[in-house]
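Engineer: quick one, structure for this:
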Amino acid sequence: MPAPTIVVKDLKKSFGEQMVLKGVNLTLDSGKINFIIGRSGGGKSVLLKHLTALMTPDSGDIFYDLFSIFRANKKELFELRIHMGLLFQEGALFDSLSVGENVSFPAWYHRTMKAKDIKEKASELLKDLGLEGSFTRSVGELSQGEKKRVAIARALILEPQVLFFDEPTTGLDPLLSGVVDELITEVGKRTGATIVVVSHDIAATLTIAHKINLIHDGRVFLSGSPEDFKISKDEVVKEFIFGEDSNKAI
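Structural biologist: The predicted model follows:
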């Protein structure tokens, strides 16, 4: 599957009487780094769960090119997810598995590669991410930054054409945050994948994003380039980019 353009059309989702997504319309560009930002509790995570078909909307749809993920059957979704990579906010590594086993897990689960090839690919990814020789290490031995890199390696094992990063720099110091930002940029260039990043990190958003989507009051308030956000005169946008709480609110 080539890297898709992902189109969200009039997506709505409520929990009880609380309407979280009020008609989200956006386009995530093929082969680009697309950021989704917004206030805490504003629907970013809910939108991400819809983008990965982990949640079903009340109405609306999401298309991977012309393929509707909410009209797909289980087999079609299974096939689609082979082409997806997801970096969870806290890494979500399995403590009972070694580093190499964590990285290899998606390939074992989907049974897309031979055992020898899985080990070679996992070792290659760990080497590329500066973790050569870590295949047999336990997760408990890893630093926070190393865990992030192992999680990235796991997300890449199936060479996905869609990559989702949920708050990739949360809990990291500025130096490690910069390393992760560089990794995302490098992965984008190397794979050509469509990359979607949910983030609170203003510096990263303005530095590595090709396109930014600001979710506000359950809808896309502004979608554009980093430059569009920097020059915007809108008070809502300025509060996010330059406000006192900007590093916390996004």
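
Engineer: what about the helices in the chain?
Structural biologist: Per DSSP state H, the chain carries helices over the ranges 44-51, 74-82, 99-110, 115-128, 144-156, 174-191, 202-208, 226-231, 235-242, 246-249.

Engineer: mind listing what's buried along the third one?
Structural biologist: Buried positions in helix 99-110, judged by neighbour count with 16 or more other CB atoms under 10 Å: V99, G100, E101, N102, V103, S104, F105, P106, A107. For every residue, glycine as well, the C-beta is placed using N, CA and C.

Engineer: what helices and strands are in contact with that helix?
Structural biologist: helix 115-128, helix 144-156 (3 or more CB pairs under 8 Å, 6 or more residues apart in numbering; DSSP states H and E).

Engineer: among the helices of the chain, where is the model least confident on average?
Structural biologist: With a mean of 43, helix 246-249 has the lowest mean pLDDT of the helices of the chain.

Engineer: what residues are up against the residue lying closest to V20 once chain neighbours are set aside?
Structural biologist: Leaving aside its sequence neighbours, V20 sits nearest to G43 (CB to CB, 6 or more residues apart in numbering; 4.7 Å). G43 sits next to K13, V20, L21, V24, I215, G218 when contact means CB atoms under 8 Å, 6 or more residues apart in numbering.

Engineer: related to what we said a few turns ago, what's the closest of the buried residues of helix 99-110 to I152?
Structural biologist: Minimum distance to I152 across the buried residues of helix 99-110 is 9.4 Å, recorded for V103 (CB to CB).

Engineer: ok, that closest one touching E124?
Structural biologist: No - when contacts are counted by CB atoms under 8 Å, V103 is not listed as touching E124 (10.0 Å).

Engineer: residues contacting T5?
Structural biologist: T27, L28, D29, S30, Y64, D65, T194.

Engineer: isn't the fourth one up against I195?
Structural biologist: Think S30. No - if you go by CB under 8 Å, S30 and I195 don't touch, sitting 10.3 Å apart.

Engineer: what about L125, distance to F164?
Structural biologist: 17 Å (CB to CB, to the nearest Å).

Engineer: please disregard the earlier target; I meant D58.
Structural biologist: Distance from D58 to F164, by CB to CB: 22 Å.

Engineer: with G31 instead?
Structural biologist: For G31 relative to F164 (CB to CB), the value is 15 Å.

Engineer: between the two, which one's more packed in?
Structural biologist: Neighbours were counted for G31 and for F164 using other CB atoms under 10 Å; F164 has more, 21 against 17.

Engineer: related to what we said a few turns ago, now, of the helices and strands packed on helix 99-110, which is deepest in the fold?
Structural biologist: Most buried of the helices and strands packed on helix 99-110, by mean neighbour count (mean count of other CB atoms under 10 Å): helix 144-156, with a mean of 22.
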